[in-house]
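1. return atomic coordinates for the entry below.
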Amino acid sequence: MFPWLAFGHMIPFLELSKLIAQKGHKISFLSTPRNINRLPKIPPSLSPLINFVKLPLPHVANLPENAEATTDLPYEKVKYLKIAYDRLQTPVTQFLKSSNPDWVFFDFAPYWLPQIASNLNISTAYFNILNAAILGFLGPVPVLKGEEDFRTKPEDFLVPPKWIPFESTVAYRLFEILRIFNDGVVGDQENVSDVHRFAFTIEGCDVIAVKSCSEFEPEWFQLLVDLHRKPVLPVGLLPASVDDGGNHGSGVEGGGWSEIENWLEKQEKGILEEKKLGYSIPRDEQDGSFDRESVAESLRLVMVEEDGEIYRNKVKEMSGLFGDRDRQDRYVDNLLGFLQSRKRIREST
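-> Below you'll find the model as predicted:
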């Protein structure tokens, strides 16, 4: 397991590691020393099966000392964390050579890892910690590489793209895309853009694993298969979540609103509004600001008023899906079945 250096990414990777380890499989979890020390403790029963591998983060100019995760930095300095992360190529390669794992699960950021793993004859899975809709919105690899239909300005992200074959309202709002456009889409000479990272990560992996349920967004899962022509597997919602501010949850017992809320906070808002599971507070489109009155009015709508009943009913309807531990277990079993079958095919050839 090799997640991006944000707790909102590391925690889902850790939770998936725990679920796989519970089935008797051994996991190596790679990250930097300070991040590993800040992760939630794993149950003693899983300690023999999860090996935490501490990779010292290379020094990079403009990256503050001891900054090893996005929570340690203001947004404008995160690009230096990505530069340092990219310099982990050599120790990651050395570890893969010495450990020779059956599979590597990695995040969107290490766009260089699929080729390294392929050279070592190691199978790869890109684990997307958000929903299927955000990958569908990003588009096929040629779009991400800028070879066709490349979106060159923020306004291009304000409408659903043409490759979505069904009715959808999923899109960015102007203030959302303005915040991330330069680093996420454009990039610079110092740092590779996120779009570029997604392109080579998705193109190079053997399978895409998504932290979501196919029952929640079936049309988006099918779109991903159509766009990328490779297996796309849901891994469920996983039993815990976290925000990038370091509020590390180690698990949520049972179902209900608390678990839904943990999951919703990490999703793209467009699909939540589309599914009537979310309602956006009215904001200024340029800077995203909002006032106290708009917050109060939005809360009254979704919690009290008659027009908000559809949101309350949807939450109740989805609580059974989001809190279903048996369903979660089946997702993990399906994932492991796929990984093992691919391993057998690879060994036979």
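2. tell me who's in contact with the residue lying closest to residue 5 once chain neighbours are set aside.
-> The spatial neighbour of residue 5 that comes closest, neighbours along the chain excluded (CB to CB, 6 or more residues apart in numbering), is residue 69 at 5.0 Å. All C-beta atoms are positioned from the backbone trio N, CA, C, and that covers glycine. Applying CB atoms under 8 Å, 6 or more residues apart in numbering, we find residue 69 in contact with 5-7, 10, 32, 34-35, 38, 81.
3. from the residues you listed, which two are the most distant?
-> For these, with distances taken as CB to CB, the pair at the greatest spread is 38 and 81 (15.0 Å).
4. looking at the two, which is more packed in?
-> residue 81 (24 against 16; other CB atoms under 10 Å).
5. where does pLDDT dip in the stretch 151-300 of the chain?
-> 239-267, 269-270, 278-279, 287-288 (pLDDT under 70).
6. how does it look with 80?
-> Residues of the stretch 151-300 of the chain that meet the criterion pLDDT under 80 lie in 175, 182-184, 186-190, 239-291, 294-295, 298-299.
7. what about residue 330, which helix or strand?
-> Using DSSP states H and E, residue 330 maps to helix 325-348.
8. so for that helix, mean pLDDT?
-> Here helix 325-348 scores 91 as its mean pLDDT.
9. buried ones in that helix?
-> 327-328, 331-332, 335, 338-339, 342 (16 or more other CB atoms under 10 Å).
10. centre-most residue in this protein?
-> residue 129 (2.1 Å; CA atoms, centre = their mean).
11. now do the contacts for that one.
-> 3, 8-9, 12-13, 107, 211, 266.
12. could these go into JSON lines alongside secondary structure and neighbour count?
-> JSON lines is the format used below for the contacts of residue 129 (DSSP: H, G, I helix; E, B strand; the rest coil; neighbours: other CB atoms under 10 Å):
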{"residue": "3", "secondary structure": "coil", "neighbour count": "27"}
{"residue": "8", "secondary structure": "helix", "neighbour count": "21"}
{"residue": "9", "secondary structure": "helix", "neighbour count": "24"}
{"residue": "12", "secondary structure": "helix", "neighbour count": "25"}
{"residue": "13", "secondary structure": "helix", "neighbour count": "25"}
{"residue": "107", "secondary structure": "coil", "neighbour count": "24"}
{"residue": "211", "secondary structure": "coil", "neighbour count": "24"}
{"residue": "266", "secondary structure": "coil", "neighbour count": "19"}
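13. just the closest of these to residue 204, please.
-> residue 107 (13.0 Å).
14. nearest spatial neighbour of that closest one, chain-adjacent residues omitted?
-> residue 4 (4.1 Å).
15. quick one: that neighbour and residue 105 touch, right?
-> No. Residue 4 is beyond contact range of residue 105, at 12.0 Å (criterion: CB atoms under 8 Å).
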